[in-house]
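**Student:** The sequence and its predicted three-dimensional model are supplied below.
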Amino acid sequence: MTPDNELLHLYADREDEAAFAELVRRHLNLVYGLALRTLNGNAALAEDVTQSVFTDLARKAAQLRRHETIVGWLHTSTRFAAAKAIRTEVTRQHHEQEASAMQDPSPSADFSFAQLRPLLDEAVGALHDRERNAVLLRFFEDKSYREVGGILGISENGAQMRVERALEKLRAQFSRRGVTTTAALLSSALGAHGAVIPAPASLATSVVNQSLAGAAGTTAANSLLPKLSWPIWAGAGVFFVAALYLIFQQSLANGTLPASPNPSTSSSTMKPSQIIRSGAIAAALLTTTSAATAQNSAQSVLQGTAPAPASAATADTATIAALVTANNRFAIDLFRQFNPKPNENAFFSPYSISTALAMTWAGAKGDTAAQMAKILHFSDMPNSSVLAGFAALQQVIAKAQTLDGAKLAIANSLWPEQNPEHPLLQNYLDAVQANFASSATPVDFIQHAPDAVKQINAWVEDKTNGKIKGLIQPTDVGPLTRLVLVNAIYFKGNWTNSFSPRANLDDFFQLANGGALPVVLMHNQQRTKYALITDGPIPCQILSLSYSANSRIGSVNPLHLSFVAILPHASQDLATLERALTAEQLASWLGKLTEREVSVYLPKFDLEERYPMVNTLQDLGVKNAFDSKLADFSGMNGTRELFISKVIHQTLISVDENGTVAAAATMGEGILLGSGPTAPPVEFRADHPFLFLIRDDLSGSILFLGQLASPTAVQPSAP
C-alpha cells in the first residue's frame, strides 16, 4: 500500500488527482464518522464538515507530505471543523449534557460503549501522535496490527504494543471522567461497536471533486462556519504531583526461587526510638535485622564511592548550591534523553528522580556507585557532602509546607521484604532516614506480593493527595523482589496574581506541524518577572509567575515557588531551543528576569505522564545497576545479590485560573498601584509550544520540567 506521504507528494508536486482520490477513499470513514459523532448524528452537517476537511487537506498537501500517515492531522482537523459547525440549540443542549456527565465525580460500576462515546474523541485527541495514529488506524480504520505496523514503519508486535499503551492511557482518562473500564474491555468495545462508521457511498466522489475544485481558492465551508466559545474547566488552583519507584530484585541462584524464611524465626520489630517525624510526614521505621545482624551492621562501614553516614551532617550554603547545580544539570540531561518530539508533551520531576537515585546510590559501591554518581553529577562535588546536601536542600524546599492555603509534600519510603535472606544494614537505614527522612515498612513480597502492592500504592495515593493511583502494577513485583524504593512529591498552591475566568479567551494553540487546537487562554495583566532573550540559539521570552499561600492579589505570604515558561518566537522553534539548552545557560537566562508589566496569556492544561526509566538511565550511562551479575549494592544488605529491575516515574499537572473566591478582582486591579507613569505592558502569549518548569526560588532547584506542545482540545459549547 502506497504510504500517505507518497500520495500527498504525487498530488502536491505532480497534481496527480488519482493519488488524492485514494487518500479520500482511504480515510473517508474516519473523518465522516468523527464528524457524525461530534454533530450528534446530523448527517448533513457531517457531510459538510467532511468536505471542508478534505478541501483543507488538498490545500495543505505540500506541507503535510512529510508525515508518514495523516490520520492524526485528519482527526484534529475534523474536530476543529465540526466544532465550528455546531450552531443549533439541540446541539448546544447535547454538549451541555456531555459536559455535565464529564464533570460527574461518581465512578460508574458498569461499563458500556454508550458511556464511552461522549468522551472518546477528546481522549483520543489527547494522546501523543504515535499512539493516536496507532489507535486511529487499528480501530477507526479497521486495520490489522500488521497493516498498522506497515503504515507506521514498525513491526507487527511493535504496533500491538503501541496500541496497548494507548488503550491503557485512554482507560486512565476515562477513569478520571468517572467511567470505569479496563484496556481489554475498551479494545473489545471499540472493535465491536465500531469506531468505524461507514460514509455514504456517494460521498467519496463528491468530496474528491469539490476538494480538488476548492483547493485553488478560498473554501467557504471553512471561512463561513461560526466561531464558537469553549467551556471553562472548573478547577481549584494549580497542582502537580510526581512519584517514582525502583524495584530491587534478588539474583536468581541456580535457576531456583529462594526458599521463604520461617516467619517464626524473624525478629522484625519496631522500637519507639525508630519513629520518624519530618515536617508533615510521620512514619514508622521498621527493621528486619535480628540481634546478630544488627551487631554485624553496627560494625560495617559503607565504603566505596557512596558514603552513608549514620546521621545527617550539616551542609553549608556552598554545598547546597553545588548539589542544586548537579541536580539541574541532571534535569537537562534527562530531558534531552527523553527527547520528546515537537508535537509531544512531556512532564517529569527531575528532583523526584535524583532524590530516589541518591537514596539508591547511598547503598551502591564500586563501579555501580561511580556510574550513578557520574550521571547525577555528584562527581562534580565531594562525595562526603552529597547526602548532607540532600538533607539540607529538602529542608529549604519544605519551608512552604507550613504556609496556610498551600501544600508541598515530599516523601520517601523503603519497602523491604519482611523475611529476607539478607536484611538491610542498619547503617544504610540510618543514612536514608537521617538524610532523606525516609520511612521503612517491611512487606511480604515472597508470599503475599499483591497485598504489598496495595499497601505501597495506598501510601503513594495518600502522599499525592489521591492524584496518583496504581503506581505499581501487580506484575511489577514477585517472590524475588527484595526492596521497593519510592519518592513522591505533591504541591497545590494559588497564583500570587490569579486569573479571572471572565477574562478567558477562546483561541487556538498552534502546533509545530502547522496544525492548531482550540484552547482556552487565561489572561491577566500583572507586574511579574520577565525577560526577552536574544543571545541564545532561538529568540525567546521568559515569564516567571509566583505562587502564594493565598490567592489575594499582592499577597504578603509568597511561597518561594514559581512557574517559569520559556516561549520561543515561533511554534516550530522549540526543538532547536531545547537541543542547545544547558543548565548553565538556563541559570544565566533566569538571572536576567526583571520586574515588568506583562499582559499574560497562558493556556489551561492538564498533563499526565508515565515513564519507564530503565532504558533511559542505561542510555545515560548507568549500566551495572540493572545487571544481576555486575550490580554492587552491598552497602544495602552486605551482599551483591541485589540489582534494580524496574524504575517507573509518574507525574500529573493541572494548571487553571485559581478557583478561589478571594481572587474575584478584575484584571489588573491591585497591581498598578503607585505613582508616576508606567511603561506599556509587554505581551507574553503562550499560544504555541513552550518549555516550562516549576522552580524553588530560594535554592534554584528545578522540581518539575516539561514541554507543552499539544494541549487537549477543549470541548465545544454554544455561543
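**Tutor:** Structure received.
**Student:** Checking residue 571 next. Helix, strand or coil?
**Tutor:** With DSSP: H, G, I helix; E, B strand; the rest coil as the basis, residue 571 sits in coil.
**Student:** what number of residues lie near it?
**Tutor:** Neighbours of residue 571 under the rule other CB atoms under 10 Å: 20. C-beta coordinates here come from the backbone N, C-alpha and C atoms, glycine included.
**Student:** my read: it touches residue 685, true?
**Tutor:** No. The pair residue 571 / residue 685 is not scored as a contact, 11.6 Å apart, by CB atoms under 8 Å.
**Student:** C-terminal to the top strand by length along the chain, what's the next element?
**Tutor:** The longest strand of the chain (DSSP state E) is strand 516-533. Going down the chain from strand 516-533, the next helix or strand is strand 540-548, by DSSP states H and E.
**Student:** can you state the direction angle for the helix or strand that that next one is followed by and strand 540-548?
**Tutor:** Where DSSP H and E defines the elements, the next helix or strand beyond strand 540-548 is strand 558-568. Interaxial angle, strand 558-568 versus strand 540-548 (axes from the mean of the first three to the mean of the last three CA atoms, to 10 degrees): 160 degrees.
**Student:** now the helix or strand just after strand 558-568: mean pLDDT?
**Tutor:** Note on strand 558-568: by DSSP H and E, the next helix or strand toward the C-terminus is helix 574-580. Taken as a whole, helix 574-580 has a mean pLDDT of 87.
**Student:** now stretch 190-210
**Tutor:** Rounded mean pLDDT across stretch 190-210 is 69.
**Student:** Okay, residue 342 and residue 570: tell me how far apart.
**Tutor:** To residue 570, residue 342 is 12 Å away according to CB to CB, to the nearest Å.
**Student:** Looking at those two, which is more packed in?
**Tutor:** residue 342 (19 against 14).
**Student:** And the strands in the stretch 551-700 of the chain?
**Tutor:** 558-568, 594-603, 605-612, 642-655, 682-685, 690-696 (DSSP state E, counting those that start in this stretch).
**Student:** so can I have a markdown table of these showing mean neighbour count, distance to residue 577 and mean pLDDT?
**Tutor:** Output for these, formatted as a markdown table (neighbours: other CB atoms under 10 Å; distance: least, CB to CB, whole Å; pLDDT from 0 to 100):
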| stretch | mean neighbour count | distance to residue 577 | mean pLDDT |
| --- | --- | --- | --- |
| strand 558-568 | 21 | 5 | 83 |
| strand 594-603 | 18 | 18 | 92 |
| strand 605-612 | 18 | 19 | 84 |
| strand 642-655 | 23 | 21 | 84 |
| strand 682-685 | 15 | 16 | 91 |
| strand 690-696 | 23 | 7 | 91 |
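**Student:** what about the ones you listed, which gets the closest to residue 83?
**Tutor:** Of all these, strand 594-603 sits nearest to residue 83, with 16.5 Å by CB to CB.
**Student:** ok, residues contacting the closest one?
**Tutor:** 499, 505, 507, 509, 519-531, 543, 545, 565, 655, 672, 678-687, 708, 711 (CB atoms under 8 Å, 6 or more residues apart in numbering).
**Student:** Separate out the buried members of those residues.
**Tutor:** Burial by neighbour count, judged by 16 or more other CB atoms under 10 Å, picks out 499, 507, 509, 519-531, 543, 545, 565, 655, 681, 684, 686-687, 708, 711 from these.
**Student:** Just give the number of residues close to residue 20.
**Tutor:** Residue 20 has 24 nearby residues by other CB under 10 Å.
**Student:** just checking, it touches residue 64?
**Tutor:** No. Using CB under 8 Å, residue 20 is not in contact with residue 64; the gap is 11.9 Å.
**Student:** Now list whatever residues contact both of these two.
**Tutor:** By CB under 8 Å, 6+ apart, no residue touches both residue 20 and residue 64.
**Student:** Show me the beta-bridge partners of the spatially most central residue of the chain.
**Tutor:** With distances taken as CA atoms, centre = their mean, residue 609 lies nearest the centre of the chain, 3.0 Å away. Beta bridges link residue 609 to residue 651, judged by DSSP bridges.
**Student:** Could you double-check that it lies in contact with residue 704?
**Tutor:** No. Shown here, residue 609 and residue 704 do not form a contact pair, counting by CB under 8 Å, at 10.8 Å.
**Student:** Overlap in contacts, the two.
**Tutor:** Each of 347, 348, 651 lies in contact with both residue 609 and residue 704 under the rule CB under 8 Å, 6+ apart.
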